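Colleague: Sharing a sequence plus its predicted fold:
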There are 2 protein chains.
Amino acid sequence: MLSPEIKDRLLQQYPMLRELPAADQSELQATASVMHLPAGTVVFDENQSCQGFPLLLSGCIHVIKAAPSGRELQLYSVDPGESCILTSSCLLGNAKYKARGVAQPDTDLVVLPPPTFRKLVSIHEPFRNYIFSLFSERLTDLMQLVSAVAFQKLDRRLANLLVSKPSPIRTTHQALADELGSAREIVSRLLKGFAEQGWVKLGREQVDIIDETALKRFAEL
Amino acid sequence: MLSPEIKDRLLQQYPMLRELPAADQSELQATASVMHLPAGTVVFDENQSCQGFPLLLSGCIHVIKAAPSGRELQLYSVDPGESCILTSSCLLGNAKYKARGVAQPDTDLVVLPPPTFRKLVSIHEPFRNYIFSLFSERLTDLMQLVSAVAFQKLDRRLANLLVSKPSPIRTTHQALADELGSAREIVSRLLKGFAEQGWVKLGREQVDIIDETALKRFAEL
DNA sequence: TTTGCTGTGTGATTATTGTCACAGACAGGC
DNA sequence: GCCTGTCTGTGACAATAATCACACAGCAAA
(Lines give C-alpha, C1' and ligand atoms only; values in the text may rest on other atoms or scores of the structure.)
Protein backbone atom coordinates (compact mmCIF):
# COMPACT_ATOMS: atom_id res chain seq x y z
CA MET A 1 0.00 0.00 0.00
CA LEU A 2 1.45 3.32 -1.07
CA SER A 3 1.10 6.54 0.84
CA PRO A 4 -0.16 9.48 -1.24
CA GLU A 5 3.24 11.07 -0.92
CA ILE A 6 5.02 8.04 -2.37
CA LYS A 7 2.42 7.79 -5.08
CA ASP A 8 3.22 11.34 -5.98
CA ARG A 9 6.92 10.65 -6.32
CA LEU A 10 6.11 7.58 -8.35
CA LEU A 11 3.96 9.48 -10.83
CA GLN A 12 6.65 12.09 -11.13
CA GLN A 13 9.25 9.52 -12.15
CA TYR A 14 6.88 7.46 -14.26
CA PRO A 15 4.53 9.97 -15.87
CA MET A 16 3.00 7.41 -18.21
CA LEU A 17 1.20 5.97 -15.20
CA ARG A 18 -0.86 9.15 -14.90
CA GLU A 19 -2.86 8.10 -17.92
CA LEU A 20 -3.91 4.93 -16.17
CA PRO A 21 -7.67 4.74 -15.48
CA ALA A 22 -8.49 5.69 -11.88
CA ALA A 23 -9.62 2.19 -10.90
CA ASP A 24 -6.36 0.66 -12.04
CA GLN A 25 -4.37 3.40 -10.41
CA SER A 26 -5.87 2.62 -7.08
CA GLU A 27 -5.32 -1.09 -7.61
CA LEU A 28 -1.69 -0.33 -8.25
CA GLN A 29 -1.57 1.81 -5.15
CA ALA A 30 -3.15 -0.92 -3.10
CA THR A 31 -0.96 -3.83 -4.20
CA ALA A 32 2.40 -2.12 -4.51
CA SER A 33 4.84 -1.77 -1.65
CA VAL A 34 7.76 0.53 -0.90
CA MET A 35 11.29 -0.51 -0.06
CA HIS A 36 14.42 1.18 1.04
CA LEU A 37 17.70 -0.51 0.16
CA PRO A 38 20.94 0.53 1.82
CA ALA A 39 23.88 0.85 -0.57
CA GLY A 40 25.37 -2.51 -1.41
CA THR A 41 22.18 -4.53 -0.99
CA VAL A 42 21.95 -7.41 -3.43
CA VAL A 43 18.51 -6.90 -4.92
CA PHE A 44 18.54 -10.11 -6.90
CA ASP A 45 21.09 -12.69 -7.91
CA GLU A 46 21.85 -15.28 -10.52
CA ASN A 47 19.32 -18.13 -10.74
CA GLN A 48 16.89 -16.50 -8.39
CA SER A 49 13.36 -16.22 -9.63
CA CYS A 50 11.77 -12.86 -9.77
CA GLN A 51 9.77 -11.48 -6.86
CA GLY A 52 8.37 -8.28 -8.27
CA PHE A 53 8.84 -5.39 -10.58
CA PRO A 54 10.85 -2.40 -9.30
CA LEU A 55 10.12 1.22 -10.07
CA LEU A 56 12.99 3.37 -8.80
CA LEU A 57 12.27 6.55 -6.90
CA SER A 58 15.85 7.40 -6.06
CA GLY A 59 19.26 5.73 -6.10
CA CYS A 60 20.49 3.28 -8.68
CA ILE A 61 20.76 -0.43 -9.30
CA HIS A 62 23.86 -1.86 -10.95
CA VAL A 63 23.32 -5.02 -12.91
CA ILE A 64 26.48 -7.06 -13.04
CA LYS A 65 27.89 -10.43 -14.05
CA ALA A 66 30.31 -11.95 -11.58
CA ALA A 67 32.90 -14.46 -12.71
CA PRO A 68 33.90 -17.32 -10.42
CA SER A 69 37.35 -15.72 -10.21
CA GLY A 70 35.82 -12.78 -8.38
CA ARG A 71 36.09 -10.42 -11.27
CA GLU A 72 32.93 -8.69 -12.29
CA LEU A 73 31.55 -6.65 -15.15
CA GLN A 74 28.73 -4.16 -15.17
CA LEU A 75 26.10 -4.87 -17.78
CA TYR A 76 24.10 -1.71 -17.24
CA SER A 77 22.58 0.32 -14.48
CA VAL A 78 19.04 1.31 -13.71
CA ASP A 79 18.26 4.88 -12.72
CA PRO A 80 15.05 6.41 -11.37
CA GLY A 81 12.43 6.65 -14.07
CA GLU A 82 13.82 3.54 -15.73
CA SER A 83 12.96 -0.05 -15.11
CA CYS A 84 15.02 -3.09 -14.57
CA ILE A 85 14.53 -4.66 -17.90
CA LEU A 86 16.04 -7.87 -16.72
CA THR A 87 13.19 -8.14 -14.28
CA SER A 88 10.63 -7.49 -16.99
CA SER A 89 12.35 -10.15 -18.93
CA CYS A 90 12.12 -12.62 -16.08
CA LEU A 91 8.50 -11.84 -15.41
CA LEU A 92 7.37 -11.91 -19.02
CA GLY A 93 9.51 -14.86 -19.99
CA ASN A 94 9.05 -16.73 -16.71
CA ALA A 95 12.77 -17.16 -16.48
CA LYS A 96 15.32 -16.82 -13.73
CA TYR A 97 17.71 -13.97 -13.26
CA LYS A 98 21.00 -14.40 -15.06
CA ALA A 99 22.85 -11.60 -13.36
CA ARG A 100 23.16 -9.83 -10.05
CA GLY A 101 21.54 -6.54 -9.09
CA VAL A 102 23.17 -4.35 -6.48
CA ALA A 103 21.79 -1.09 -5.08
CA GLN A 104 24.53 1.40 -5.48
CA PRO A 105 23.91 4.39 -3.35
CA ASP A 106 20.95 4.01 -1.02
CA THR A 107 17.92 3.31 -3.13
CA ASP A 108 14.17 3.81 -2.73
CA LEU A 109 11.81 1.88 -4.89
CA VAL A 110 8.25 0.75 -5.33
CA VAL A 111 7.70 -2.92 -6.00
CA LEU A 112 4.81 -4.20 -8.07
CA PRO A 113 3.76 -7.79 -7.52
CA PRO A 114 4.10 -9.85 -10.71
CA PRO A 115 0.35 -10.09 -11.44
CA THR A 116 -0.05 -6.32 -11.20
CA PHE A 117 2.88 -5.86 -13.51
CA ARG A 118 1.53 -8.33 -16.05
CA LYS A 119 -1.87 -6.70 -15.95
CA LEU A 120 -0.37 -3.27 -16.46
CA VAL A 121 1.57 -4.43 -19.48
CA SER A 122 -1.45 -6.05 -20.95
CA ILE A 123 -4.05 -3.32 -20.43
CA HIS A 124 -2.11 -0.10 -20.54
CA GLU A 125 -0.58 0.79 -23.86
CA PRO A 126 1.63 3.70 -22.69
CA PHE A 127 3.17 1.55 -20.00
CA ARG A 128 3.70 -1.27 -22.46
CA ASN A 129 5.36 1.03 -24.96
CA TYR A 130 7.55 2.30 -22.21
CA ILE A 131 8.65 -1.21 -21.35
CA PHE A 132 9.25 -2.00 -24.98
CA SER A 133 11.37 1.05 -25.54
CA LEU A 134 13.48 0.23 -22.51
CA PHE A 135 13.92 -3.29 -23.76
CA SER A 136 15.02 -1.88 -27.02
CA GLU A 137 17.46 0.51 -25.45
CA ARG A 138 19.05 -2.12 -23.23
CA LEU A 139 19.34 -4.51 -26.09
CA THR A 140 21.32 -2.05 -28.16
CA ASP A 141 23.39 -1.09 -25.12
CA LEU A 142 24.24 -4.71 -24.55
CA MET A 143 25.20 -5.18 -28.15
CA GLN A 144 27.49 -2.21 -27.88
CA LEU A 145 28.95 -3.68 -24.76
CA VAL A 146 29.61 -7.02 -26.39
CA SER A 147 31.46 -5.44 -29.23
CA ALA A 148 33.39 -3.15 -26.92
CA VAL A 149 34.51 -6.06 -24.78
CA ALA A 150 35.39 -8.11 -27.84
CA PHE A 151 37.12 -5.52 -29.97
CA GLN A 152 38.18 -2.51 -27.99
CA LYS A 153 41.30 -2.17 -25.97
CA LEU A 154 40.93 -1.44 -22.34
CA ASP A 155 42.45 2.02 -22.49
CA ARG A 156 39.76 3.19 -24.88
CA ARG A 157 37.02 1.58 -22.88
CA LEU A 158 38.31 3.26 -19.77
CA ALA A 159 38.47 6.63 -21.51
CA ASN A 160 34.90 6.14 -22.64
CA LEU A 161 33.81 5.26 -19.16
CA LEU A 162 35.46 8.36 -17.73
CA VAL A 163 33.92 10.79 -20.17
CA SER A 164 30.53 9.22 -19.60
CA LYS A 165 30.59 10.38 -15.99
CA PRO A 166 30.25 13.90 -14.58
CA SER A 167 33.69 15.29 -13.96
CA PRO A 168 34.82 15.05 -10.41
CA ILE A 169 34.46 11.28 -10.49
CA ARG A 170 34.35 9.94 -6.97
CA THR A 171 35.13 6.27 -7.13
CA THR A 172 37.89 3.78 -6.56
CA HIS A 173 40.04 2.18 -9.20
CA GLN A 174 38.60 -1.14 -8.15
CA ALA A 175 35.08 0.06 -8.90
CA LEU A 176 36.14 1.24 -12.33
CA ALA A 177 37.81 -2.09 -12.97
CA ASP A 178 34.64 -3.90 -11.94
CA GLU A 179 32.63 -1.79 -14.28
CA LEU A 180 34.95 -2.70 -17.14
CA GLY A 181 35.41 -6.32 -16.18
CA SER A 182 39.13 -5.94 -15.64
CA ALA A 183 41.61 -5.83 -12.80
CA ARG A 184 42.42 -2.93 -10.52
CA GLU A 185 46.13 -2.80 -11.34
CA ILE A 186 45.44 -2.36 -15.02
CA VAL A 187 43.07 0.50 -14.37
CA SER A 188 45.58 2.16 -12.07
CA ARG A 189 48.27 1.93 -14.72
CA LEU A 190 46.06 3.23 -17.48
CA LEU A 191 44.87 6.10 -15.34
CA LYS A 192 48.46 6.96 -14.59
CA GLY A 193 49.07 7.08 -18.32
CA PHE A 194 46.12 9.42 -18.79
CA ALA A 195 47.45 11.61 -16.02
CA GLU A 196 50.85 11.76 -17.68
CA GLN A 197 49.15 12.94 -20.86
CA GLY A 198 47.58 15.68 -18.77
CA TRP A 199 44.10 14.38 -19.48
CA VAL A 200 43.11 13.68 -15.88
CA LYS A 201 44.23 14.46 -12.38
CA LEU A 202 44.21 11.66 -9.85
CA GLY A 203 43.41 11.74 -6.17
CA ARG A 204 42.29 9.25 -3.60
CA GLU A 205 38.87 8.00 -4.68
CA GLN A 206 38.76 10.73 -7.25
CA VAL A 207 39.48 11.35 -10.90
CA ASP A 208 39.22 14.87 -12.29
CA ILE A 209 38.94 15.23 -15.98
CA ILE A 210 41.24 18.00 -17.17
CA ASP A 211 41.13 17.63 -20.92
CA GLU A 212 37.83 16.11 -21.86
CA THR A 213 38.33 16.78 -25.56
CA ALA A 214 41.56 14.83 -25.70
CA LEU A 215 40.06 12.02 -23.71
CA LYS A 216 37.11 11.85 -26.04
CA ARG A 217 39.28 11.94 -29.10
CA PHE A 218 41.28 9.07 -27.68
CA ALA A 219 38.12 7.13 -26.84
CA GLU A 220 36.67 7.50 -30.32
CA LEU A 221 39.82 6.69 -32.21
CA MET B 1 0.14 -10.20 -50.59
CA LEU B 2 0.63 -13.77 -49.45
CA SER B 3 -0.43 -16.83 -51.40
CA PRO B 4 -2.49 -19.35 -49.42
CA GLU B 5 0.42 -21.75 -49.59
CA ILE B 6 2.80 -19.25 -48.03
CA LYS B 7 0.24 -18.32 -45.45
CA ASP B 8 0.06 -21.95 -44.53
CA ARG B 9 3.80 -22.22 -44.02
CA LEU B 10 3.67 -19.04 -41.99
CA LEU B 11 1.01 -20.34 -39.62
CA GLN B 12 2.92 -23.53 -39.22
CA GLN B 13 6.03 -21.68 -38.05
CA TYR B 14 4.13 -19.08 -36.05
CA PRO B 15 1.15 -20.91 -34.58
CA MET B 16 0.18 -18.04 -32.31
CA LEU B 17 -1.04 -16.21 -35.39
CA ARG B 18 -3.81 -18.77 -35.82
CA GLU B 19 -5.63 -17.24 -32.90
CA LEU B 20 -5.77 -13.92 -34.67
CA PRO B 21 -9.32 -12.77 -35.56
CA ALA B 22 -10.16 -13.51 -39.19
CA ALA B 23 -10.32 -9.85 -40.22
CA ASP B 24 -6.84 -9.17 -38.90
CA GLN B 25 -5.54 -12.34 -40.44
CA SER B 26 -6.61 -11.22 -43.84
CA GLU B 27 -5.17 -7.77 -43.24
CA LEU B 28 -1.88 -9.43 -42.42
CA GLN B 29 -2.16 -11.55 -45.51
CA ALA B 30 -2.88 -8.50 -47.64
CA THR B 31 -0.09 -6.24 -46.41
CA ALA B 32 2.72 -8.72 -45.95
CA SER B 33 5.14 -9.71 -48.66
CA VAL B 34 7.43 -12.68 -49.29
CA MET B 35 11.14 -12.55 -49.96
CA HIS B 36 13.81 -14.97 -50.92
CA LEU B 37 17.36 -14.13 -49.85
CA PRO B 38 20.32 -15.97 -51.37
CA ALA B 39 22.98 -16.99 -48.84
CA GLY B 40 25.21 -14.10 -47.89
CA THR B 41 22.63 -11.36 -48.45
CA VAL B 42 22.99 -8.50 -46.01
CA VAL B 43 19.47 -8.14 -44.71
CA PHE B 44 20.17 -5.01 -42.69
CA ASP B 45 23.22 -3.14 -41.52
CA GLU B 46 24.46 -0.81 -38.85
CA ASN B 47 22.71 2.57 -38.75
CA GLN B 48 20.07 1.59 -41.22
CA SER B 49 16.53 2.21 -40.18
CA CYS B 50 14.15 -0.66 -40.14
CA GLN B 51 12.03 -1.51 -43.16
CA GLY B 52 9.82 -4.26 -41.86
CA PHE B 53 9.42 -7.16 -39.54
CA PRO B 54 10.70 -10.56 -40.73
CA LEU B 55 9.06 -13.90 -40.02
CA LEU B 56 11.36 -16.68 -41.17
CA LEU B 57 9.99 -19.60 -43.12
CA SER B 58 13.29 -21.31 -43.81
CA GLY B 59 16.98 -20.56 -43.58
CA CYS B 60 18.65 -18.48 -40.93
CA ILE B 61 19.81 -14.94 -40.27
CA HIS B 62 23.08 -14.30 -38.46
CA VAL B 63 23.22 -11.11 -36.49
CA ILE B 64 26.78 -9.91 -36.19
CA LYS B 65 28.91 -7.00 -35.08
CA ALA B 66 31.75 -6.12 -37.41
CA ALA B 67 34.84 -4.32 -36.11
CA PRO B 68 36.61 -1.79 -38.32
CA SER B 69 39.58 -4.18 -38.36
CA GLY B 70 37.50 -6.65 -40.30
CA ARG B 71 37.03 -9.00 -37.40
CA GLU B 72 33.49 -9.92 -36.58
CA LEU B 73 31.48 -11.55 -33.83
CA GLN B 74 28.14 -13.27 -33.97
CA LEU B 75 25.62 -11.93 -31.49
CA TYR B 76 22.94 -14.51 -32.17
CA SER B 77 21.11 -16.10 -35.03
CA VAL B 78 17.47 -16.18 -35.95
CA ASP B 79 15.87 -19.44 -37.02
CA PRO B 80 12.47 -20.16 -38.53
CA GLY B 81 9.73 -19.72 -35.96
CA GLU B 82 11.76 -17.04 -34.22
CA SER B 83 11.83 -13.35 -34.84
CA CYS B 84 14.63 -10.93 -35.25
CA ILE B 85 14.36 -9.27 -31.94
CA LEU B 86 16.67 -6.54 -33.03
CA THR B 87 14.13 -5.58 -35.60
CA SER B 88 11.33 -5.55 -33.04
CA SER B 89 13.56 -3.40 -30.98
CA CYS B 90 14.11 -0.96 -33.81
CA LEU B 91 10.46 -0.82 -34.68
CA LEU B 92 9.19 -0.45 -31.14
CA GLY B 93 11.93 1.89 -30.04
CA ASN B 94 12.13 3.81 -33.32
CA ALA B 95 15.85 3.28 -33.34
CA LYS B 96 18.38 2.30 -35.95
CA TYR B 97 20.00 -1.05 -36.33
CA LYS B 98 23.18 -1.45 -34.37
CA ALA B 99 24.36 -4.63 -36.01
CA ARG B 100 24.40 -6.42 -39.32
CA GLY B 101 22.08 -9.22 -40.39
CA VAL B 102 23.25 -11.76 -42.92
CA ALA B 103 21.19 -14.57 -44.43
CA GLN B 104 23.22 -17.67 -43.90
CA PRO B 105 21.97 -20.41 -46.07
CA ASP B 106 19.32 -19.32 -48.56
CA THR B 107 16.45 -17.89 -46.60
CA ASP B 108 12.72 -17.43 -47.19
CA LEU B 109 10.80 -14.98 -45.14
CA VAL B 110 7.60 -13.01 -44.86
CA VAL B 111 7.96 -9.29 -44.17
CA LEU B 112 5.37 -7.32 -42.25
CA PRO B 113 5.26 -3.57 -42.84
CA PRO B 114 5.95 -1.65 -39.62
CA PRO B 115 2.35 -0.47 -39.07
CA THR B 116 1.04 -4.01 -39.37
CA PHE B 117 3.65 -5.20 -36.90
CA ARG B 118 2.81 -2.46 -34.42
CA LYS B 119 -0.87 -3.16 -34.72
CA LEU B 120 -0.31 -6.86 -34.14
CA VAL B 121 1.69 -6.21 -31.02
CA SER B 122 -0.91 -3.86 -29.72
CA ILE B 123 -4.08 -5.87 -30.38
CA HIS B 124 -3.00 -9.46 -30.19
CA GLU B 125 -1.92 -10.70 -26.83
CA PRO B 126 -0.46 -14.07 -27.88
CA PHE B 127 1.71 -12.40 -30.46
CA ARG B 128 2.79 -9.79 -27.97
CA ASN B 129 3.70 -12.41 -25.42
CA TYR B 130 5.64 -14.21 -28.06
CA ILE B 131 7.64 -11.08 -28.83
CA PHE B 132 8.21 -10.46 -25.15
CA SER B 133 9.46 -13.93 -24.52
CA LEU B 134 11.86 -13.69 -27.43
CA PHE B 135 13.12 -10.38 -26.13
CA SER B 136 13.64 -12.01 -22.83
CA GLU B 137 15.50 -14.94 -24.31
CA ARG B 138 17.80 -12.80 -26.41
CA LEU B 139 18.53 -10.55 -23.52
CA THR B 140 19.72 -13.41 -21.39
CA ASP B 141 21.64 -14.87 -24.32
CA LEU B 142 23.39 -11.57 -24.82
CA MET B 143 24.23 -11.34 -21.17
CA GLN B 144 25.75 -14.79 -21.35
CA LEU B 145 27.70 -13.75 -24.39
CA VAL B 146 29.07 -10.65 -22.70
CA SER B 147 30.29 -12.62 -19.78
CA ALA B 148 31.74 -15.34 -22.00
CA VAL B 149 33.65 -12.80 -24.05
CA ALA B 150 34.83 -11.00 -20.94
CA PHE B 151 35.76 -13.92 -18.74
CA GLN B 152 36.16 -17.11 -20.69
CA LYS B 153 39.21 -18.21 -22.54
CA LEU B 154 38.91 -18.80 -26.20
CA ASP B 155 39.53 -22.54 -26.03
CA ARG B 156 36.50 -23.05 -23.82
CA ARG B 157 34.35 -20.81 -25.95
CA LEU B 158 35.39 -22.76 -29.01
CA ALA B 159 34.63 -26.07 -27.33
CA ASN B 160 31.22 -24.73 -26.41
CA LEU B 161 30.59 -23.62 -29.92
CA LEU B 162 31.54 -27.01 -31.31
CA VAL B 163 29.32 -29.02 -29.00
CA SER B 164 26.43 -26.67 -29.76
CA LYS B 165 26.45 -27.81 -33.38
CA PRO B 166 25.36 -31.13 -34.88
CA SER B 167 28.38 -33.31 -35.33
CA PRO B 168 29.79 -33.32 -38.78
CA ILE B 169 30.33 -29.58 -38.68
CA ARG B 170 30.77 -28.27 -42.18
CA THR B 171 32.40 -24.90 -41.92
CA THR B 172 35.73 -23.15 -42.26
CA HIS B 173 38.02 -22.14 -39.45
CA GLN B 174 37.47 -18.55 -40.53
CA ALA B 175 33.73 -18.87 -40.02
CA LEU B 176 34.24 -20.29 -36.54
CA ALA B 177 36.62 -17.45 -35.76
CA ASP B 178 34.05 -14.92 -36.93
CA GLU B 179 31.46 -16.51 -34.75
CA LEU B 180 33.73 -16.18 -31.74
CA GLY B 181 35.10 -12.78 -32.62
CA SER B 182 38.65 -14.04 -32.96
CA ALA B 183 41.22 -14.73 -35.66
CA ARG B 184 41.47 -17.74 -37.92
CA GLU B 185 44.97 -18.77 -36.85
CA ILE B 186 43.96 -19.04 -33.24
CA VAL B 187 41.01 -21.24 -34.07
CA SER B 188 43.20 -23.45 -36.25
CA ARG B 189 45.69 -23.86 -33.46
CA LEU B 190 43.06 -24.59 -30.84
CA LEU B 191 41.36 -27.09 -33.10
CA LYS B 192 44.67 -28.80 -33.64
CA GLY B 193 44.99 -29.04 -29.89
CA PHE B 194 41.53 -30.63 -29.64
CA ALA B 195 42.47 -33.06 -32.39
CA GLU B 196 45.62 -34.03 -30.50
CA GLN B 197 43.49 -34.78 -27.46
CA GLY B 198 41.43 -37.04 -29.68
CA TRP B 199 38.32 -34.93 -29.17
CA VAL B 200 37.76 -34.03 -32.81
CA LYS B 201 38.89 -35.04 -36.26
CA LEU B 202 39.72 -32.31 -38.74
CA GLY B 203 39.18 -32.19 -42.47
CA ARG B 204 38.88 -29.50 -45.08
CA GLU B 205 35.81 -27.46 -44.17
CA GLN B 206 34.88 -30.08 -41.65
CA VAL B 207 35.16 -30.87 -37.97
CA ASP B 208 33.95 -34.22 -36.66
CA ILE B 209 33.36 -34.53 -32.99
CA ILE B 210 34.86 -37.76 -31.71
CA ASP B 211 34.60 -37.38 -27.97
CA GLU B 212 31.69 -35.10 -27.19
CA THR B 213 31.79 -35.87 -23.49
CA ALA B 214 35.38 -34.76 -23.12
CA LEU B 215 34.72 -31.62 -25.12
CA LYS B 216 31.76 -30.79 -22.96
CA ARG B 217 33.67 -31.42 -19.79
CA PHE B 218 36.38 -29.13 -21.04
CA ALA B 219 33.84 -26.48 -22.02
CA GLU B 220 32.14 -26.50 -18.62
CA LEU B 221 35.29 -26.45 -16.57
C1' DT C 1 48.46 -31.12 -66.41
C1' DT C 2 48.74 -26.70 -65.08
C1' DT C 3 46.94 -22.87 -62.85
C1' DG C 4 44.72 -20.65 -59.35
C1' DC C 5 41.87 -20.13 -55.50
C1' DT C 6 40.58 -21.12 -51.00
C1' DG C 7 41.52 -23.19 -46.84
C1' DT C 8 44.86 -24.85 -43.48
C1' DG C 9 49.41 -25.46 -40.67
C1' DT C 10 52.99 -23.18 -38.33
C1' DG C 11 56.82 -20.40 -36.56
C1' DA C 12 58.32 -16.05 -34.92
C1' DT C 13 57.23 -12.02 -32.82
C1' DT C 14 54.50 -8.57 -30.41
C1' DA C 15 50.93 -6.64 -27.65
C1' DT C 16 47.90 -6.63 -24.24
C1' DT C 17 46.14 -8.07 -20.18
C1' DG C 18 46.28 -10.67 -15.95
C1' DT C 19 48.61 -12.15 -11.67
C1' DC C 20 51.45 -11.83 -7.67
C1' DA C 21 53.72 -9.50 -4.28
C1' DC C 22 54.64 -5.86 -1.96
C1' DA C 23 55.38 -0.79 -0.32
C1' DG C 24 53.66 3.41 0.63
C1' DA C 25 49.76 6.86 1.30
C1' DC C 26 45.79 8.53 3.16
C1' DA C 27 41.63 9.02 6.16
C1' DG C 28 39.07 8.22 10.12
C1' DG C 29 38.52 6.47 14.59
C1' DC C 30 40.70 5.83 19.10
C1' DG D 1 49.11 11.66 18.08
C1' DC D 2 48.92 6.52 16.35
C1' DC D 3 46.68 2.42 14.33
C1' DT D 4 44.14 0.22 11.06
C1' DG D 5 41.96 -0.62 7.07
C1' DT D 6 41.34 0.81 2.49
C1' DC D 7 43.31 2.60 -1.68
C1' DT D 8 46.95 3.25 -4.78
C1' DG D 9 51.67 2.66 -7.22
C1' DT D 10 54.73 -0.39 -9.20
C1' DG D 11 57.94 -4.04 -10.71
C1' DA D 12 58.44 -8.56 -12.43
C1' DC D 13 56.48 -12.07 -14.71
C1' DA D 14 53.16 -15.28 -17.08
C1' DA D 15 49.61 -16.18 -20.19
C1' DT D 16 46.71 -15.44 -23.81
C1' DA D 17 45.71 -13.75 -28.05
C1' DA D 18 46.81 -11.06 -32.25
C1' DT D 19 49.66 -10.28 -36.14
C1' DC D 20 52.72 -11.29 -39.87
C1' DA D 21 54.62 -14.16 -43.12
C1' DC D 22 54.78 -17.90 -45.46
C1' DA D 23 54.39 -22.96 -47.20
C1' DC D 24 51.52 -26.19 -48.58
C1' DA D 25 47.25 -29.00 -49.57
C1' DG D 26 42.98 -29.92 -51.89
C1' DC D 27 39.89 -29.02 -55.34
C1' DA D 28 38.11 -27.30 -59.65
C1' DA D 29 38.30 -24.98 -63.86
C1' DA D 30 41.09 -24.07 -67.97
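Modeller: Yep, it's here. Source: prediction; values computed, not measured.
Colleague: Show me which positions of stretch A:94-110 end up buried.
Modeller: A:95, A:97-104, A:107-110 (16 or more other Cβ atoms under 10 Å in any protein chain shown). Glycine gets a C-beta too; all of them are placed from N, C-alpha and C.
Colleague: which parts of chain A sit against chain B?
Modeller: Applying Cβ under 8 Å from any Cβ of the partner chain, we find that chain A lies next to chain B at A:65, A:67, A:69, A:71, A:73, A:75, A:85-86, A:88-90, A:92-93, A:95, A:98-99, A:121-122, A:125, A:128-129, A:132-133, A:135-140, A:142-147, A:149-151, A:181.
Colleague: if we can go back for a sec, for chain B, state which of the buried residues of stretch A:94-110 is nearest.
Modeller: Nearest to chain B out of these is residue A:98 (Cβ to the nearest Cβ; 4.7 Å).
Colleague: and the closest one, backbone torsions?
Modeller: With angles defined as degrees, to the nearest 10, residue A:98 shows backbone torsions of phi -120, psi 30.
Colleague: Ignoring the adjacent residues along the chain, who's closest to it?
Modeller: Nearest residue to residue A:98, sequence neighbours excluded (Cβ to Cβ, 6 or more residues apart in numbering or on different chains): residue B:140, at 4.7 Å.
Colleague: Now do the one you found, the pLDDT please.
Modeller: For residue B:140, the pLDDT comes out at 88.
Colleague: Wait, a strand at residue A:29?
Modeller: No - counting by DSSP: H, G, I helix; E, B strand; the rest coil, residue A:29 is not part of a strand but helix.
Colleague: Would you confirm that it contacts residue A:1?
Modeller: Yes - between residue A:29 and residue A:1 there is a contact at 7.0 Å, judged by Cβ atoms under 8 Å.
Colleague: count of neighbours near the spatially closest residue to residue A:104 that is not a sequence neighbour?
Modeller: Computed as Cβ to Cβ, 6+ apart, the closest residue to residue A:104 that is not its neighbour in sequence is residue A:60, at 4.5 Å. Residue A:60 is flanked by 17 other residues according to other Cβ atoms under 10 Å in any protein chain shown.
Colleague: My understanding was that residue A:60 contacts residue A:82; is that so?
Modeller: No - judged on Cβ under 8 Å, residue A:60 makes no contact with residue A:82 at a distance of 9.4 Å.
Colleague: what's residue A:74 sitting at in phi/psi?
Modeller: phi -80, psi 130.
Colleague: For chain A, which residues are neighbours of DNA strand C?
Modeller: Residues of chain A lying close to DNA strand C (Cβ under 7 Å from any atom of the strand) are A:69, A:71, A:153-155, A:181-183, A:185-186, A:204.
Colleague: among the residues you listed, which ones are buried?
Modeller: The buried subset of those (16+ other Cβ under 10 Å) comprises A:71, A:154-155, A:181-183, A:186.
Colleague: Find the pair from these with maximum spatial separation.
Modeller: For those, the farthest-apart pair by Cβ to Cβ is A:71 and A:155; their separation is 18.1 Å.
Colleague: what's the pLDDT at residue A:154?
Modeller: Looking at residue A:154, its pLDDT stands at 95.
Colleague: For it, give me its contacts.
Modeller: Residue A:154 sits next to A:180, A:182, A:186, A:190 when contact means Cβ atoms under 8 Å, 6 or more residues apart in numbering or on different chains.
Colleague: repeat for residue A:24
Modeller: Neighbouring residues of residue A:24 by Cβ under 8 Å, 6+ apart: A:119-120, A:123-124.
Colleague: switch to 7 Å and redo it
Modeller: Residue A:24 makes contact with residue A:123 under the criterion Cβ atoms under 7 Å, 6 or more residues apart in numbering or on different chains.
Colleague: For it, give me phi and psi.
Modeller: phi -70, psi -30.
Colleague: Can you point out the buried residues in the helix or strand where residue A:214 lies?
Modeller: According to DSSP states H and E, residue A:214 maps onto helix A:212-220. Neighbour counts using 16+ other Cβ under 10 Å place A:214-216, A:218-219 of helix A:212-220 among the buried residues.
Colleague: worst-scoring helix or strand of chain A, pLDDT-wise?
Modeller: Lowest on mean pLDDT, DSSP states H and E among the helices and strands of chain A sits helix A:85-93, with a mean of 79.
Colleague: got the contact list for that one?
Modeller: With Cβ under 7 Å, 6+ apart as the criterion, helix A:85-93 contacts A:50, A:53-54, A:63, A:95-97, A:99, A:114, A:117-118, A:131, A:134-135, A:138, B:132-133, B:135-137, B:139-140.
Colleague: mind redoing it with 8 Å?
Modeller: Residues contacting helix A:85-93 (Cβ under 8 Å, 6+ apart): A:44, A:49-50, A:52-54, A:63, A:78, A:95-99, A:101, A:114, A:117-118, A:121, A:131, A:134-135, A:138, B:129, B:132-133, B:135-137, B:139-140, B:143.
Colleague: Export the buried ones among the residues of chain A next to DNA strand C to JSON lines and append columns for distance to residue A:171 and secondary structure.
Modeller: Formatted as JSON lines, those follow (distance: Cβ to Cβ, whole Å; DSSP: H, G, I helix; E, B strand; the rest coil):
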{"residue": "A:71", "distance to residue A:171": "17", "secondary structure": "coil"}
{"residue": "A:154", "distance to residue A:171": "17", "secondary structure": "helix"}
{"residue": "A:155", "distance to residue A:171": "18", "secondary structure": "helix"}
{"residue": "A:181", "distance to residue A:171": "16", "secondary structure": "coil"}
{"residue": "A:182", "distance to residue A:171": "14", "secondary structure": "coil"}
{"residue": "A:183", "distance to residue A:171": "16", "secondary structure": "coil"}
{"residue": "A:186", "distance to residue A:171": "16", "secondary structure": "helix"}
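Colleague: Check which helix or strand residue A:40 maps to.
Modeller: Assigned by DSSP H and E, residue A:40 falls within no helix or strand.
Colleague: Count the residues that sit near it.
Modeller: Close neighbours of residue A:40, defined as other Cβ under 10 Å, add up to 10.
Colleague: pretty sure it contacts residue A:102?
Modeller: Yes - between residue A:40 and residue A:102 a contact is recorded at 6.6 Å, counting by Cβ under 8 Å.
Colleague: Let me know the secondary structure of the most centrally placed residue in chain A.
Modeller: A centroid search over chain A (Cα atoms, centre = their mean) returns residue A:77, at 1.1 Å, as the residue closest to the centre. Secondary structure for residue A:77, judged by three-state DSSP, is strand.
Colleague: Low-confidence regions, chain A specifically.
Modeller: Of all residues in chain A, none has pLDDT under 70.
Colleague: mind listing what's buried in the longest helix anywhere in it?
Modeller: In terms of residue count, the longest helix belonging to chain A (DSSP state H) is helix A:125-151. Judged by neighbour count using 16+ other Cβ under 10 Å, the buried positions of helix A:125-151 are A:127-132, A:134-140, A:142-143, A:145-151.
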